[in-house]
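> Quick check, what structure comes out for this input:
(one chain, ligands or ions: 1)
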Amino acid sequence: MTTQISTLQEYKEAYDQSVKDPEGFWRKEASTFQWEKDFDQVLDWNFEEPNVKWFLNGKLNITLNCLDRHIKDRGDQTAILWEANDPDAPSIRYTYKELLAEVCKCANGLKAQGIKKGDRVVFYMPMVPQLAIGVLACARIGAIHSVVFAGFSAQALADRVDDATAKMIICADYNNRGSKRIPVKKVVDDAMDLGCNSVDKVVVYKQTELPLNWSDDVDISWLDLTKEQSDFCEAEIMDSEDMLFILYTSGSTGKPKGVVHSCGGYMVYTCYSFRNVFQYKEGDVYWCTADIGWITGHSYIVYGPLLAGATTMMFEGVPTYPDAGRFWKICEKHKVNQFYTAPTAIRALMAKGNDWPAQYDLSSIKLLGSVGEPINEEAWHWYDKHIGKGKSPIIDTWWQTETGGIMITPLPGITDTKPTYASYPMPGIQTVLMDADGNELEGNNCEGLLCIKFPWPSMVRTTYGDHERCRTTYFSTFKNKYFTGDGARRDEDGRIRVIGRVDDVINVSGHRMGTAEVENAINEHPNVIESAVVGYPHDIKGQGIYAYIISQDKGVDDDFRKEILAVVTREIGPIAKPDKIQFVSGLPKTRSGKIMRRILRKIASNETENLGDVSTLLNPEVVQEVMDGALK
Ligand code: WT7
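Numbers count the residues shown, from 1 in each chain. Okay, the predicted model is just below:
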């Protein structure tokens, strides 16, 4: 197992060593895994192309490390503990032995359908154990998984399937979410009508007996895929730098891009970070409430915990069903030791009052995690007081889809915590703040653009099918640095607080969204001439979506608003629906025709006292009109 730091002194030493001798540092951690053939070089890199390779010529299979490796010592320990949406349904457990058997059956089933090393398989599934099993089955045979969050629309799913030229989609029939039952297979059918020409087969995990549209040529049930299969499957031997998965994420321009992670480095860093950040101890029950459709679920529900031999919980439902006590009820029921969730969930539950957590015994909780967006002070204190009872350190973990693992965080019980501060970089992570002119900010008490100046094992390798996009997005803003897109401040003691995106990316309930993507969706409406989308502070969601729309139609009304919401739901999904829509006759533009988003952001945020100089705009008169019509 990778090293587990337990004192401040050890953290400082590990950090220093990781900077002085990164190769020696990671060689030691990497050597704790099972390699089918040892790597012969730790690192080869340049950030120009970029070209980053870790553990060169090493051969491995990540599932041998997640599963087989644990059978001897903890074969009968629970690997995955699953809690259904329905509070009366029994919990389901898979021991490490059982999980390995299920993964092998599924892997053999995939092979029988012609899936082989390098093929892409898209998952569009609710939070059922079969999602984790399917993902691991892909990894077992070297197929590249790409999980698409099941809240995305058919169009968004088809876009991702087409970009990945996936051979197979694995889905469920329905998704049980609170009191709703969402038809998942129907969305896949629609996506198949919209595109997905590369797809031969759709595998359907049936949770219900409800009727489904079925085509025998294409559709195959999970049961038929797996039932005749052996529970032994030889693992495909992968190179360290072979692709493990693609995960689509939004950027400031264009369509979502496929972030590519590779086998060796991702394995080493997710295990190392999981063990240190969550201070997982033998026998603990660890719960991350994220969806496996996002990177948090990949790294800290599936891979990190399983690599570390942990018991990881998966929850099918939502925090408010059947009531706002559900999370706490589950924590009590399973004596959860590490609880990891998003600020938006904390704020939503905080708004329901203190009585909900007060009804449950939360004494098993040792630490609380937060991820996905900045956590505000009020939510931090509520979490600390009402969930952690003042005794459980809060770890505010900053990272990204592209970083693969947690980058900046307090280590619980080891480093201090300070509300709203992600605090300290992990060993191996060389963070820097830059000013706009490309100078590294030295010393403390400063604010700048957050970059990372040295590679780490789980970093993005490329964007699928478009390496140049990877270069321009992350490596072209500053020479020889990975640019995160976030602004941050460093306090007088060197702790880092991540303030938020400085590009046209917004974060709505922890979901990352490109404003251009939402604009493109809105512009699909035939009566829309132009639109501009910005984020604004939202009490529960963190950021809400504010859309300014110029329409052909003079008579704008509520029906038109509804049509806009429907178009966005169709193109992206309900998570991208604007919270506020303002119809305007013009958008403030520079003389070269660029929309002045800075002004629109201020108006949407109700900060109009200090708009700055607008006289140089092409159309300064529209600013007053936009301000007068602003939605409060
Ligand atoms: C963006 C990445 C990585 C897990 C889920 C999100 C924001 C994430 C924090 C935090 C402040 C945070 C950043 C980042 N973010 N965690 N603890 N404090 N901001 O992954 O969808 O790739 O989004 O989320 O703006 O760039 P993602």
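> Could you use CA atoms for every contact and neighbour count after this?
OK.
> Using CSV, list the CA coordinates for the longest helix anywhere in the chain.
In the chain, taking DSSP state H as the definition, the longest helix is helix 96-112. Provided in CSV are the C-alpha atoms of helix 96-112 (Å, rounded to 0.1, in the frame of the first residue of the first chain):
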residue,chain,number,x,y,z
TYR,A,96,-14.0,-8.2,-2.7
LYS,A,97,-14.4,-11.8,-3.8
GLU,A,98,-17.9,-11.3,-5.0
LEU,A,99,-17.1,-8.0,-6.8
LEU,A,100,-14.2,-9.7,-8.6
ALA,A,101,-16.5,-12.5,-9.7
GLU,A,102,-19.1,-10.0,-11.0
VAL,A,103,-16.5,-7.9,-12.8
CYS,A,104,-15.1,-11.0,-14.5
LYS,A,105,-18.5,-12.2,-15.6
CYS,A,106,-19.3,-8.8,-17.1
ALA,A,107,-15.8,-8.6,-18.7
ASN,A,108,-16.3,-12.0,-20.3
GLY,A,109,-19.8,-10.9,-21.5
LEU,A,110,-18.3,-7.8,-23.1
LYS,A,111,-15.7,-9.9,-24.8
ALA,A,112,-18.4,-12.2,-26.1
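> ok, and what's touching it?
67-68, 70-71, 74-80, 116, 133-134, 136-138, 140-141, 225-227, 229-233 (CA atoms under 8 Å, 6 or more residues apart in numbering).
> Could you tell me which of those residues belong to strands?
T78, A79, I80 (DSSP state E).
> Make a PyMOL selection of the buried ones in these.
Filtering those down to the buried ones (16 or more other CA atoms under 10 Å) takes a single PyMOL command:
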select buried, resi 78+79+80
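> nearest to the ligand, of the ones in strands among the contacts of helix 96-112?
Closest approach between those and the ligand, by CA to the nearest ligand atom: I80, at 20.9 Å.
> wait, isn't that closest one in contact with S91?
No. The pair I80 and S91 does not pass the contact test of CA atoms under 8 Å, sitting 10.4 Å apart.
> how about H70, what does it touch?
Y96, G309.
> Any chance of the backbone angles for I575?
As for I575, its main-chain torsions (degrees, to the nearest 10) stand at phi -70, psi -20.
> and if you look at T63?
Given degrees, to the nearest 10, the pair of backbone angles that T63 has is phi -70, psi -30.
> what's near enough to touch it?
L136, A139, R140, A235.
> okay, the third one: pLDDT?
On the pLDDT scale, R140 is placed at 98.
> pretty sure it contacts N61?
Yes. Using CA under 8 Å, R140 is in contact with N61, at 6.8 Å.
> overlap in contacts of the two?
A235, E236.
> Give the rounded mean pLDDT of the helix or strand hosting S18.
Assessed by DSSP states H and E, S18 sits inside helix 8-20. Helix 8-20 shows a mean pLDDT of 98.
> Contacts for that helix, please.
Helix 8-20 has contacts (CA under 8 Å, 6+ apart) with I5, G24, F25, W26, I414, T415, M426, P427, G428, Q430.
> which is the next helix or strand following the longest helix of the chain?
In N-to-C order, the element after helix 96-112 by DSSP H and E is strand 120-124.
> Can you name the residues of this structure that neighbour the ligand?
Residues of the chain found near the ligand (CA under 6 Å from any ligand atom) are 295-296, 371-374, 396-401, 422, 486, 498, 500-501, 511-512.
> quick one: which of those sit in helices?
Checked against DSSP H, these include these in helices: I295, T296.
> Any regions of the stretch 101-250 of the chain where pLDDT drops low?
The stretch 101-250 of the chain contains no residues with pLDDT under 70.
> Can you show me the helices along it?
Using DSSP state H, counting those that start in this stretch, the helices of the stretch 101-250 of the chain run over 129-141, 154-164, 184-194, 222-226.
> Check those for me and report the most buried one.
Of all these, helix 129-141 has the most neighbours on average by mean count of other CA atoms under 10 Å, namely a mean of 25.
> That one versus strand 120-124: what angle between them?
170 degrees (axes from the mean of the first three to the mean of the last three CA atoms, to 10 degrees).
> Show me what helix 129-141 is packed against.
helix 62-63, helix 96-112, strand 144-147 (3 or more CA pairs under 8 Å, 6 or more residues apart in numbering; DSSP states H and E).
> And the contacts of that helix?
61-63, 80, 82, 99, 102-104, 106-107, 110-111, 116-117, 121, 123, 125, 144-145, 205, 233-236, 244, 292, 302, 314.
> which one is whatever residue of the stretch 401-550 of the chain ends up closest to the ligand nearest to, not counting chain neighbours?
Nearest residue of the stretch 401-550 of the chain to the ligand: T401, at 3.6 Å (CA to the nearest ligand atom). Closest residue to T401 apart from its sequence neighbours, by CA to CA, 6 or more residues apart in numbering: I295 at 5.3 Å.
> Now do the contacts for that neighbour.
Counted by CA under 8 Å, 6+ apart, I295 has contacts L247, Q400, T401, G404.
> Q552 too?
Each residue near Q552 by CA under 8 Å, 6+ apart is listed here: N527, V528, I529.
> Now go through those residues and say which are in strands.
V528, I529.
> Any of the contacts of Q552 buried? List them.
By 16+ other CA under 10 Å, these give N527, V528 as buried.
> Assign the closest residue to P578 other than its chain neighbours to helix, strand or coil.
Leaving aside its chain neighbours, P578 sits nearest to I545 (4.6 Å; criterion: CA to CA, 6+ apart). When classified by DSSP: H, G, I helix; E, B strand; the rest coil, I545 comes out as strand.
> just S392 next, same as before
coil.
> For burial, what's the neighbour tally of it?
22 (other CA atoms under 10 Å).
> same deal with R461?
22.
> Contact partners for it?
R461 touches P50, N51, V52, V259, V260, H261, S262, counting by CA under 8 Å, 6+ apart.
> same thing but at 10 Å, please
50-53, 241, 243, 259-262, 402-403, 467, 470-471 (CA atoms under 10 Å, 6 or more residues apart in numbering).
> just checking, V371 touches T397?
Yes. Using CA atoms under 10 Å, V371 makes contact with T397 at a distance of 5.3 Å.
> so what sits against both of these two?
In contact with both V371 and T397: Y340, A342, I406, T409, A422, using CA under 10 Å, 6+ apart.
> quick one on the thing from earlier: just the buried ones among the residues of the chain next to the ligand, please.
295-296, 371-374, 396-401, 422, 486, 498, 501, 511-512.
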